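>>> quick one, structure for this:
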Amino acid sequence: MSLVLVLNQDFTPLTVCSVQRAFTLVFLNKADLVSEINEKCLRSINKTFPFPSIIKVKYYVNIPYKGVVMSRHNIFKRDGGKCQYCGTSKDLTLDHLIPRSKGGKSTWTNLVTACKKCNSRKSDYTLEKVGMTLKKLPIKPSYITFLRMHKANQREDWSTYLNPKKASA
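Numbers count the residues shown, from 1 in each chain. Alright, predicted model coming up:
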């Protein structure tokens, strides 16, 4: 599935949407095409249209809080779909670093992706007690960081907007 980067009027990243949604926004004159994929095109019965890669909305969208919703899917995504103890990508579940029975909350920094084997091994204990270590510490991702996690679908022309320091270096 092809995705399109959607920029706000000031060229800051807003979201990622489907090609169909992006085409509709451009066609209805609600967005401008910033970048297209030259190797592809969209066709109707008698017309050919550019295949969007980046679009920019025509009117500024004020989003007071662009947070990432904490969900099972988003934690798996943050952790790259791998167990944070052994690195496998099979039989994944969520694990509380500080177990709920010991007062641990369901927060970005207390939940990690774990395979069933590692989750059972850790059980209701802390990492120190079991002698396990994490591959990386869990963080609460910013919205822009979360957009960068679309790496599998991210095109090179997106980096100017998602990694501005890297693009200018």
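
>>> is the closest residue to residue 136 other than its chain neighbours in a helix, a strand, or coil?
Using CB to CB, 6 or more residues apart in numbering and skipping residues adjacent in sequence, the residue nearest residue 136 is residue 84, 6.8 Å away. (Glycine included, C-beta is placed from N, CA and C.) Under DSSP: H, G, I helix; E, B strand; the rest coil, residue 84 falls in the coil class.

>>> in the protein, which strand is the longest?
strand 31-43 (DSSP state E).

>>> how near is the residue nearest to residue 136 to residue 112?
Distance from residue 84 to residue 112, counting by CB to CB, to the nearest Å: 4 Å.

>>> repeat that for residue 25.
37 Å.

>>> of the two, who's got more company?
residue 112 (26 against 21; other CB atoms under 10 Å).

>>> please name the bridge partners of the more buried one.
On the basis of DSSP bridges, residue 112 is bridged to residue 95.

>>> for it, list the residues it contacts.
Residue 112 makes contacts with 75, 79, 84, 94-95, 97, 134, 138, as judged by CB atoms under 8 Å, 6 or more residues apart in numbering.

>>> go again using 10 Å as the cut-off
With contact taken as CB atoms under 10 Å, 6 or more residues apart in numbering, residue 112 is in contact with 75-76, 78-79, 83-85, 94-97, 118-119, 122, 127, 134-138.

>>> got a list of what residue 129 touches?
By CB under 10 Å, 6+ apart, the neighbours of residue 129 are 122-123.

>>> begin at 33, not 1, for the rest of this chat.
Got it, the first residue is 33 from now on, which makes the last one we talked about residue 161.

>>> look up phi and psi at it.
Note on residue 161: its backbone torsions stand at phi -70, psi -30 [degrees, to the nearest 10].

>>> any idea how far residue 148 is from it?
Residue 161 is 20 Å from residue 148, by CB to CB.
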